[in-house]
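> quick one, what's the 3D model for this:
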Amino acid sequence: MDTSIKLGSGVMPRQFMVNNSCSTTASLHFYFKNNGKIKRVRGQFGYEKLNSHVMIRGCSRVYAFGGTSELYNRRKVYGNWESLSCKCQGAQNVSGAIVESGNGKLVDGVANDLALQNFDNNNQWFESEKRDSSSSDESAAASEMSDSLQEFGINSVEDEAWNLLRASIVYYCNNPIGTIAANDPSAANMLNYDQIFIRDFIPSGIAFLLKGEFDIVRNFILHTLQLQSWERTMDCYSPGQGLMPASFKVRTVPLDGDESATEEVLEPDFGEAAIGRVAPVDSGLWWIILLRAYGKCSGDLSVQERVDVQTGIKMILKLCLADGFDMFPTLLVTDGSCMIDRRMGIHGHPLEIQALFFSALLSAREMLVPEEASADLLRALNNRLVALSFHIREYYWIDLKKLNEIYRYTTEEYSYDAENKFNIYPDQIPPWLVEWMPSKGGYFIGNLQPAHMDFRFFSLGNLWSVVSSLATTDQSNAILDLFEAKWEDLVANMPLKIAYPALEGEEWRIITGCDPKNTPWSYHNAGSWPTLLWQLTVACIKMNRPEIAENAIKIAEKRIARDKWPEYYDTKGARFIGKQARLFQTWSIAGYLVSKLLIANPNAANMLINVEDSEFQNAFSSAISANPKKKRPPRKLKKSYIV
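Numbering: from 1, shown residues only. I've put the predicted structure just below:
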């Protein structure tokens, strides 16, 4: 349906002065009248004669009106826009707003197509002169408007992404609480894609923070915290206390004793209903990272200082720092316990979990309220940080020099000063790596266990190692050097390869269990995931190399909207949409938006970046110089800590 909107006269701001470092210039929809028809301006396209004016409500919030597009004719629109609408009166700047369809009839439900953009209350607005174009100068008018659109950063892909992201919002008791995983109208079976995933909401939450819309993130943090204490079981067995759910959904159920009345409840999934029945390790880590980002971006530290939130942080730390049978400082987890949530041979100590673990420990140390009851916990946290960083930097790192060392390893060494501490056999070096490793660049391997090194490259683990400072400065730059050197393999036609290379043949059958979804170069088996774009952007900004992310964003923009925002792409060059990929995947949409917002305002990335302080660096240097492996260290009595 061809829908148009006729807008009254108003003013157009030339410049937005935003005090909040997390806010950026809003993207607006503009509608213009030409020969009785309304034209919608999209990006930098050419336009016919423009003979109307832009309407902007005179208040601290900007309304960008969009017609009832084809998207909303196809898909159910979620969200209660009334609760988010601006209540101030700005009638003095609006002479009228009439909604018409192509046949002149009024269109219902325009509020569902309302893109609400928040700005700081101290924004300064400057009126622009009303521009009228004469019929004899159509090209000049189009050129002038194109320049204006570029000035405001208008982009049709971003407009569509924001509309889709807002359409994915889920409400609980009339308050926004999160975004569903996917809103695919073509999916016959939604499975759990209609739920709010903690890991999936992270880019959505960051996007809302960057727009200054803090309520939805605050609600998400506090409501997921309430779910932490649920006791769910799998075959009469309960997971460790402090576990955060993988996902949850809002259900409407009848009240006890009154079938005519209903209430909304949150139903979490800790893995007992998930495919493979694997509990998520990364949910609690991501929750801590988002909590820190919320405080840094909004300036509202009262949330992280709440007693229940402090207790939630401590419960997660207690679960992760608990002593077990493992000799390593890395976090021991099962296969499928993170973003790669299916069998892919990452059981043990996968890099992704270690990078998130390190980032969460640093973030928790920053947010924990100093008190006597937390002294032992903080001591255990600091000791783990030093040991974890040493272990990953020393034993997970690989470049051409390190590869040569492994190639000449001797085996079966028994001593405290053994060079080949994990008894790695040189024959484990895969043939593909010998040719693939560039002369400049390096990366952290995917996993390390006795007599086994997983040499695959995993994007999320390496990128978050840069963001969290788990990698040294030299290692961080080397990781980005690798992306540039292997651009065709890791970025190709759609960023970003989740892992490289794919498992194939007999190796695929044994490790994945013949998983038909994880066929070579698909899904988690070296598929390409657009959501990883935002983590690449944060890493590039931290290392002052934003041009790498900008090039990846340009590649994504060529296809992602046209392909309807798929979950992942298939084939080695990412040429096909994933054979089982959901369309309108929320974290693909949010990942793109976060990348664009951060490139426009790089300082905002500081809410996600961890920087080592001098005290921690000194402790790490002491650990290296001491080299405790040369002799048996004295046994220290460990102190318990109370949560």
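
> what are the ranges of the helices in the stretch 151-300 of the chain?
156-167, 198-210, 215-227, 282-298 (DSSP state H, counting those that start in this stretch).

> turn those into CSV, columns for mean neighbour count and mean pLDDT.
Where you see a C-beta, it was placed from the backbone N, CA and C, and this is true even at glycine. Putting these into CSV (neighbours: other CB atoms under 10 Å; pLDDT from 0 to 100) gives the following:
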stretch, mean neighbour count, mean pLDDT
helix 156-167, 21, 95
helix 198-210, 26, 98
helix 215-227, 20, 96
helix 282-298, 24, 97
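
> and the ones you listed: which comes nearest residue 260?
helix 215-227 (26.5 Å; CB to CB).

> the inter-axis angle of the closest one versus helix 198-210?
Interaxial angle, helix 215-227 versus helix 198-210 (axes from the mean of the first three to the mean of the last three CA atoms, to 10 degrees): 150 degrees.

> contacts for helix 215-227 next, please.
Helix 215-227 has contacts (CB atoms under 8 Å, 6 or more residues apart in numbering) with 169, 172, 175-178, 196, 198, 201, 205, 208-209, 244-245, 248, 266, 268, 287, 290-291, 294, 298, 300, 303, 308-309, 312.

> now it - C-alpha only, CSV.
Presented in CSV, the C-alpha positions along helix 215-227 are these (Å, rounded to 0.1, in the frame of the first residue of the first chain):
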residue,chain,number,x,y,z
ASP,A,215,14.5,2.8,31.0
ILE,A,216,14.4,-0.4,28.9
VAL,A,217,18.0,-1.3,29.9
ARG,A,218,17.3,-0.6,33.6
ASN,A,219,14.2,-2.7,33.5
PHE,A,220,16.0,-5.6,31.8
ILE,A,221,18.8,-5.5,34.4
LEU,A,222,16.5,-5.6,37.4
HIS,A,223,14.0,-8.1,36.0
THR,A,224,16.6,-10.6,34.9
LEU,A,225,18.2,-10.3,38.4
GLN,A,226,14.9,-11.4,39.9
LEU,A,227,15.0,-14.5,37.7
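
> list the buried residues of stretch 327-337.
328, 329, 330, 331, 332, 333, 334, 335, 336, 337 (16 or more other CB atoms under 10 Å).

> I'd like the mean pLDDT over that stretch, please.
The average of the pLDDT scores along stretch 327-337 is 92.

> how long is it end to end?
End-to-end distance for stretch 327-337, by CA to CA, to the nearest Å: 20 Å.

> swap in stretch 497-515?
19 Å.

> got the contact list for it?
Under the contact criterion CB under 8 Å, 6+ apart, stretch 497-515 has outside partners 339-340, 342-345, 432, 436, 446, 456-460, 486, 489-491, 518-521, 524-529, 532, 568, 572, 574.

> make TSV from the helices of the stretch 151-300 of the chain and add distance to residue 322 to it.
Formatted as TSV, the helices of the stretch 151-300 of the chain follow (distance: least, CB to CB, whole Å):
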stretch	distance to residue 322
helix 156-167	37
helix 198-210	21
helix 215-227	20
helix 282-298	13
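
> for residue 601, find the nearest of those helices.
helix 198-210 (7.3 Å).

> tell me the angle of the closest one relative to helix 156-167?
120 degrees.

> what packs against helix 198-210?
Judged by 3 or more CB pairs under 8 Å, 6 or more residues apart in numbering; DSSP states H and E, the packing partners of helix 198-210 are strand 175-179, helix 215-227, helix 282-298, helix 586-600.

> export the ones you listed as TSV, with columns for distance to residue 351.
As requested, the helices and strands packed on helix 198-210 are exported to TSV (distance: least, CB to CB, whole Å):
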stretch	distance to residue 351
strand 175-179	27
helix 215-227	25
helix 282-298	12
helix 586-600	20
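
> check which helix or strand the closest residue to residue 536 other than its chain neighbours maps to.
Nearest residue to residue 536, sequence neighbours excluded (CB to CB, 6 or more residues apart in numbering): residue 549, at 5.4 Å. Assigned by DSSP states H and E, residue 549 belongs to helix 546-557.

> in that helix, what's buried?
546, 548, 549, 552, 553, 555, 556, 557.

> show me which of the residues you listed is closest to residue 402.
Of those, the one sitting nearest to residue 402 (CB to CB) turns out to be residue 548, at 23.3 Å.

> without its sequence neighbours, what residue ends up closest to that closest one?
residue 540 is the one closest to residue 548 (CB to CB, 6+ apart), at 4.8 Å.

> give the contact list for that neighbour.
Residue 540 touches 480, 546, 547, 548, 549, counting by CB under 8 Å, 6+ apart.

> and those residues as CSV, adding pLDDT and distance to residue 389?
Below are the contacts of residue 540 laid out as CSV (pLDDT from 0 to 100; distance: CB to CB, whole Å):
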residue, pLDDT, distance to residue 389
480, 98, 19
546, 98, 26
547, 98, 28
548, 98, 24
549, 98, 25
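
> what is the nearest of these to residue 583?
For the contacts of residue 540, the nearest to residue 583 is residue 549 (24.5 Å; CB to CB).

> thought that closest one was touching residue 599?
Yes: using CB atoms under 8 Å, residue 549 is in contact with residue 599, at 6.6 Å.

> need the residues touching each of those two.
Joint contacts of residue 549 and residue 599 (CB under 8 Å, 6+ apart) are 537, 541.

> contacts only, for residue 570.
521, 522, 527, 528, 576, 577, 578, 579, 581.

> pick the one among the residues you listed closest to residue 425.
residue 521 (28.1 Å).

> check what pLDDT that closest one gets.
Looking at residue 521, the pLDDT reads 98.

> that one contacts residue 568, correct?
No: between residue 521 and residue 568 there is no contact under CB under 8 Å: 10.4 Å.

> now for the two: what residues contact both?
The contact lists of residue 521 and residue 568 share residue 527, where a contact means CB under 8 Å, 6+ apart.

> ok, now how distant is the residue nearest to residue 548 from residue 289?
Separation of residue 540 from residue 289 (CB to CB, to the nearest Å): 18 Å.

> repeat for residue 183
As defined by CB to CB, residue 183 lies at a distance of 25 Å from residue 289.

> which stretches of the stretch 351-500 of the chain form strands?
Here the stretch 351-500 of the chain has its strands, by DSSP state E, counting those that start in this stretch, at 397-399, 442-449, 452-458, 499-500.

> quick one: average pLDDT of the third one?
So the one you mean is strand 452-458. The model assigns strand 452-458 a mean pLDDT of 96.

> great, nothing more from me.
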